[in-house]
Every structure is written in structure tokens, then in C-alpha cells.
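# Just need the structure, nothing else, for what follows:
(2 chains)
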2 protein chains.
Amino acid sequence: MATKKFLLEEKDIPTAWYNVAADMKNKPLPPLNPGTKEPLSAEAFYPLFAKELVHQEMNQTDAWIEIPDEVRNLYRIWRPTPLVRAFGLEKALDTPAHIYFKNESVSPVGSHKLNSALAQAYYCKQQGITNITTETGAGQWGAAMAYAAKAFGLELAVYMVKISYEQKPYRRSIMQTFGAQVIASPSMSTKAGRKIITDNPTYMGSLGTAISEAIELAMQTENCRYVLGSVLNHVCLHQTVIGLEAEKQMEMAGEYPDIVIGCFGGGSNFSGISFPFLRHKLNGGREIRIIAAEPSCCPKLTRGVFQYDFGDEAGYTPYLPMFTLGHTFAPPHIHAGGLRYHGAGSIVSQLKKDNLIEAVDIEQLDAFKAAVLFAQVEGIIPAPESSHAIASAIAEAEQAKREGKQKTILFNLSGHGLIDMASYDAYFAGDLTNYQMTDEALNKSIAPLEKVI
Amino acid sequence: MATKKFLLEEKDIPTAWYNVAADMKNKPLPPLNPGTKEPLSAEAFYPLFAKELVHQEMNQTDAWIEIPDEVRNLYRIWRPTPLVRAFGLEKALDTPAHIYFKNESVSPVGSHKLNSALAQAYYCKQQGITNITTETGAGQWGAAMAYAAKAFGLELAVYMVKISYEQKPYRRSIMQTFGAQVIASPSMSTKAGRKIITDNPTYMGSLGTAISEAIELAMQTENCRYVLGSVLNHVCLHQTVIGLEAEKQMEMAGEYPDIVIGCFGGGSNFSGISFPFLRHKLNGGREIRIIAAEPSCCPKLTRGVFQYDFGDEAGYTPYLPMFTLGHTFAPPHIHAGGLRYHGAGSIVSQLKKDNLIEAVDIEQLDAFKAAVLFAQVEGIIPAPESSHAIASAIAEAEQAKREGKQKTILFNLSGHGLIDMASYDAYFAGDLTNYQMTDEALNKSIAPLEKVI
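Modelled structure (predicted):
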């Protein structure tokens, strides 16, 4: 067996993030004031986000944004991450496809989320901000943000979706060990939380609700800003270190991917692995298929509508252009908690609309089946979220076998599942089911959407 | 800040393990037949262990044992591991000491244990063995062995110490995900287990008891052998890849350690990090202090006696030379489950007797205090076991500060604590206490020991 891992040196950690918006012919639509339907100025976002992050969010001209030394130094804790040729998986599938994965699970918090958390904490600190708030679904983002806040000396409050708070107590403990305050959402600490608890006392939460609570707390706290772990353009920007490293590593392997796959919740890891490869396609380079693998219970890219919608359940955010299932949609409690979000980021949504990327939906049981196979042949237990990318990669490898073609497939292993073992227990016990969103539920959920586009 | 990590390439993974016994002036004493007190032949161990492992166990002449390609290829899943300069910790302690740690936590099962698990599974497979049994304390070894067994197509049964089975359900799930059978020990499935449950129905188990059960099952099962994750010479041998890599990486850093530290349970990670450095001391090279950091509740090296004793609670093993607290000693239920073992391996015991290594005992609360500091300044949450090494390294760095000396300290971060967060919860809740072994308990525990030496 040849070398399995392709390793870079610390000097190969990218020095700039790639801003795909600069290369898009059809730019992502701007956020709007929900009342006037007028585009919002950068200034309108300053109370909510650090200024530099707002500028990155709106930047549609600079393809490269320099990574500050302080951030790049902290990337060195775990970056560069390995690219791995999945010989074990190829053999198990008996496929002519070459399968590679970028192993973001080696981060000390177990996922790719630290790539953006450190950047966001840095820019907040630079601006003299002392307190930040955020939300977390499965807890991957919260764990990353907790360490990032500690690294830059910021106070952090995290609203954690209640179902995850109960299903994944270890992630709560990780955040607390790093010094963060963790609140189960919906909570009684905000107006948005109190309203939803009053309306539905047993509601176990969603990312949309947790975002509402985190925004509300940020607006009420002195010298405080809000940070988000996915969806937004600047988050996708920071995650491009994944694909930029992978690009160099694929060169080391002497191959170029025919297909690049990431699981899809709000878009952070998907954008991170795919945008650097997409840039060649946008700039007239070689053809490549890019696939977002989303859970079938939360199928915004495969079945949602392209429209302006709120990013949160309570409607505190501006109108954002997105493929959406409706901002009040409460997805079923699948174990891939990080993928339970109603909408897609504005860049990904535009790319999907322009057919520059594809999307597939993955059933929960297929994701776990893929996860167990991957664990047994590659030795790494994947996060339930990442397992959607694995399932999609397996489907493509099986298709390559049927076609008798040697395709090169690259997917992002966004995180490990060592803290999600209760999910595996439930899978083995036969307690999990698939969830297909019904047409009725979909129609009901998108019916209230205002027709802006 | 300069480069923090020192990274090797895959070609730098050692091609041979280092066998310290070949370089020891006073060789470790042989195992004895408990009845006749005569040394046991290799053949006497063949029913229990794979032959090649027995030969490695008894080899006192070859300083280097070649690593089979099949094992080295699987090492590539995560090796070489990084050596990290702990700038964050140095700054927090305001010490002139330079602190380095070898990060074995990047293994896909979260600890160093995979280094030996893969080797043992390989030699069993080579010999045509189909089934293996083992025990696990905190679950680190069991998790590693579960993947190793799967990688080589072996059936595995793991006896997991009951307190860990209940405290650390995620490690049980990891083993099951890799396809292993996991049984809480003491169990009713063996004579040894039934006896101890009858004598003490609420007994929560110990490594000594779990070893008895695993041995008993191995002896009763066709084409089955027993594998052990620590204590034995061949296990320490396999772990030397840690120190051999660290030696090259310290060279890259342009330093040589004055002090090398490993936490101490049975000796596997301690031997792994220290023996390659010890070899220079044994061969007349430069001076170096080597420190085993053990829990104060289980102080075999600091307070135990050097004597022949059984390796397990029921007395199934031969007489082994060791620093021991008595094989019936049941340590308190500290959260560093992997360190709850009554004895030290025969090589480490001989080295301690000859004052070639030192030992310190660490209180549970000091270990957790060190762990939380380390997590907050280095971004990695350590395993409770590894935290004993961190506490010892901090004590040495503080001593260096008092002395105003620039000492170079290297410790092994044997594993991460992401699956041990319940321990951190208990620590933050103030539910943990220190346990000092009383003289009375010690005297009672060692009283039955036969005077063989």
C-alpha cells in the first residue's frame, strides 16, 4: 500500500482566504431591510457584528483576504490537516474510484469549526469588543467558539439547542471547560425564548430559535457582538483554508478531483472544501462536480425555494437571499444536529440557482450505515453530520463502479463522532428512523414567505 | 511566536521498536512459576499469547525489533504525531522552562494505545489466531484494540471495568462500533467474576479483576489468545515509537530534554516516551531525569514494594517482578481509570529499583487543575490520565522558575479527554476529592505477599 496521508508543513497553511464572491458572475443578492426591501448598508450591521467581519461579508471584489498572523499562529495548533487516500473504503466498495478525504476531525475540538471561530474572535478582540454571544446546534461550533473566545480573552455566552444540550452533554462540558457560559435554548432568558416556550412548552429547540436568542442577548449587552458558525459569507470565507490545503495535497497525490463533496447544514464546511476548487471552474478551468449532501428531513437545497427569508426563527435578522424551507420550520430531531437549519447561505444559494453546484439528500439511516462502514475500514468514527458526505461519496463510488470509470472523489470529513456515540448506540439499537419531509409540511412551511424575488 | 509544532513525514515513522532490556545492565527479573519459583519458559506462555509476542517479551539481547510493514502501514492513519512547544503553558506559568509535549491524542481512538494494539493484532493474525480477549480500564485500550482487531479480521471480547463501563459509556460504544463485544467486569461469565460478585455484590471492578476474566475466557475459547494494553515488556516495546519520533522532533527544535515525563498506570505510555531517551543515559550519554507520574491513590512506584506478585486479582498470571501494592488492592474510583492498577511492569520496576527513573504521586484535584489550565492555554482537553503528566510538568516548570534555570521539559500527552467530560463536570461541580492511600491500607494490602526476592 502506498502512502495514505498527504501532509503539508506549517509554512503551507494558507496565508489568505479565498473569497468566491469575487469570481462569481452572478453575485449573491444583498441582504434587505424587511420593511423597505432596500439593501442594507454595512453600517446597519455594525451593532451586531465586528466591523471587519461585516466588510468581509459584503466584499464581492477581492478574491483573496489576508489571514492575520495571530489567527494563522493559532491555526498551527492543528493545521495543516491531513488529506487521506481512503484505500480501506475503496477496497470495501470494490470501486475503481479513487476516494480522498480531508481530515478536519484532527482539530482539538473535533471539527472544522475552529477555522472561523478563531478568525471571528480575533476581529472582535481587535475592535475592543469584550463580550460575544452565539448559538450552537450539535455543539461543534460552540466548542470551537469557546476555545477561540478563551484564546483572545473574550467572555462568551452560547445558546445550545435544547435537544443537543440533552443528547450531547459532553459538548456542553467542553464549552464550560474552556470557560464559556452555556444556556439551553429555548430559554427564559430572552423574549424570543420565552415566547416560544409559552407557545410550545415541550419544544426542544432549533438553530433558528437559538440564533434569535443569541442576537437578542448581544443587542442587550454592553460592548457585545454576535458571532455565527455557518451560513454567512465571512464564515464560508474563513473555511476555505480547508479546500486551499486540499488543493495542494491533491497535487501531491498527482490527481484532481472529479467530484468534491461536503455535508450541508448552513454551508460552512461545504464551502470550505469546495470553493477553492470551484474557482477554477468559475475561471474557465476544468470541469468538476460539487455536491452538497443535506439530510432528507431538512432539504432546503433539493426541495426548498429560492427567496428572501429571515435567518432566525423570531425574525430578528435582515431578509437574506436563500434556498429556504421557511424560517419557522422546525426540523425533526435527527442526530446530525449541525444540519438542522432551515436555509442555505446566500453564496451557496446563488451557486445552486446558477447550477454551479448540485445537492443530494441523504436519509438518516443511510448516513449511519456509511459512518459505521467508514469507521471500520478507516479507523475514524465520523460525526453524524460528516456521515452525510461519506454516504454521498459512497453513492458516487458505487456509480463509478457501475460505469466502470475511475473517478476521483474528494469529500470533507468535517468532524469526528467520538462525542456523538449516543447516536451510534441509538442506531445500533434500531431506535433511529428516516424522516422525509412531506409535500404538505413543505408547502405549509413556505406558504408565509413574502414574494420578494 | 515561532513555529509551535514539529512535524515529521510518513517516512520518518520508525522502522524498528527500541528494546530497552538489551541495554539494561541489570536485566528485568524473569517471570516465575508461582508454585516452583522457577523461571518460566517461552513455551509456557504460548497458550496465552501469540508466540512472537512471547519472544519479544523475553528478548533481552536485541536493541531493535523491526516493525512489520503491515503494522507500519496502519500507523500511517495518524502517525507521525506532532511534537508541540507549549508556549501557552510556558506563558501562563511565567517560567524560564521550555515545555514540549508529544501529542498522542491525535490518534483516531484518542490515545497512544493503538501503537501496541495494531502490533498485537497483527502477530495474532499471522499465527492464524481467530479470537482474542482483553480487558480495559478507562476504555482507551479497549477502543484501540477494537479497531486493531477489526483491521486484522479478529473477533474480540473486552472486559471493561464496571465503574468505567458506567462512567464512560461512549468508549463502550466506540468498541461496539468497531465490532467488539464488551462485557462489564466483574461479570457472571467467568469463575473469577462470579467469585468476586458473590463475595462483594457491589464491587465496581478493577483492572486486576478484568484481566483475570479476560485470561479465563481466552483459555476456554478455541484458537483464542489474550492481549494486554500495558505492563508487559512487549507492550512497552511497541510504544517506543512515541519517544523515537519525539527524539527526532526535539532535534528539529534544537533542544534535548532535561526531564521526560509520562503518566503511570502500568507503564505503556511512560515507557513509550522515555525509553528512547533513557537509552542514551544507559549507554553513557548525557544525563536526563525521567519521571513517572502516578496517582496518589495508587502509588506503586512511590510507596509499593519490589516483589514478585500476580498481575491479576485472581492469581491466574505467573509471578511477575514488580513494584506492587498487592494484587488484591482495589484502588479508589478516581476518574483516571487507566491508572488504577496495582503494579508496575518488570522493566520499569527494575529501572526504578536501580534509580534510573524517578516517580512522583499526583493528587486527583491537582491533576484536574492542571488539565483545565492546559486546555485553556493549549486548546486541547487532556485525558484525566495524561493530566498527571501535565501536573508533574507544571511542578517541574515552577521549580525551574524558583531556581531561575532554563530547563527543557518533555511530557507525553497520551490522550485527549473529549470522552471523559463527565469527569470534568464532576470536577467543576466540586464532587471530586483527593485520595491518599493510608499506611494501614498499604500494609494490609502488601502483607499477604510471599517473600521471593
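
# Run through the neighbouring helices and strands of the helix or strand encompassing residue A:146.
Here residue A:146 is covered by helix A:140-151, with elements defined by DSSP states H and E. The contact analysis (3 or more Cβ pairs under 8 Å, 6 or more residues apart in numbering or on different chains; DSSP states H and E) places helix A:140-151 against helix A:114-126, strand A:131-136, strand A:155-161, helix A:169-177. C-beta: built from backbone N, CA, C; applies to glycine.

# Return the distance of that helix from the chain's centre.
Distance of helix A:140-151 from the chain centroid (Cα atoms, centre = their mean, to the nearest Å) equals 15 Å.

# Next, the residues that contact it from outside, please.
Residues from elsewhere that reach helix A:140-151 (Cβ atoms under 8 Å, 6 or more residues apart in numbering or on different chains): A:74, A:107-111, A:113-114, A:116-118, A:120-121, A:132, A:134-136, A:155-156, A:158, A:160, A:171, A:174-180, A:182, A:227, A:229-230, A:338, A:383, A:385, A:415, B:376, B:379.

# repeat that for 7 Å
Residues outside helix A:140-151 that contact it (Cβ atoms under 7 Å, 6 or more residues apart in numbering or on different chains) are A:74, A:109-111, A:113-114, A:117-118, A:121, A:132, A:134, A:136, A:156, A:158, A:160, A:171, A:174-175, A:178-180, A:227, A:229, A:338, A:415, B:376, B:379.

# And the residue of the stretch 301-450 of chain A closest to chain B?
For the stretch 301-450 of chain A, the residue closest to chain B is residue A:421, as judged by Cβ to the nearest Cβ, at 3.6 Å.

# for the stretch 301-450 of chain A, what spans make up the strands?
Secondary structure of the stretch 301-450 of chain A (DSSP state E, counting those that start in this stretch): strands at A:305-310, A:319-324, A:358-362, A:408-413.

# who's in contact with the third one?
The set of residues external to strand A:358-362 that reach it, using Cβ under 7 Å, 6+ apart, is A:264, A:289-296, A:299, A:301-302, A:352, A:388, A:391-392.

# relative to strand A:131-136, how tilted is the helix holding residue A:146?
Comparing the axes of helix A:140-151 and strand A:131-136 via axes from the mean of the first three to the mean of the last three Cα atoms, to 10 degrees yields an angle of 160 degrees.

# Next, the contact list for the closest residue to residue A:416 other than its chain neighbours, please.
Closest residue to residue A:416 apart from its sequence neighbours, by Cβ to Cβ, 6 or more residues apart in numbering or on different chains: residue A:105 at 3.8 Å. Contacts were defined as Cβ under 7 Å, 6+ apart; by that measure residue A:105 touches A:111, A:380, A:413, A:415-416.

# Which pair in the residues you listed has the greatest spatial separation?
In the contacts of residue A:105, the most distant members under the criterion Cβ to Cβ are A:111 and A:380, with 12.7 Å between them.

# okay, those two: which has more neighbours?
residue A:111 (28 against 25; other Cβ atoms under 10 Å in any protein chain shown).

# how far away is that one from residue B:19?
Taking Cβ to Cβ, to the nearest Å as the criterion, residue A:111 is separated from residue B:19 by 40 Å.
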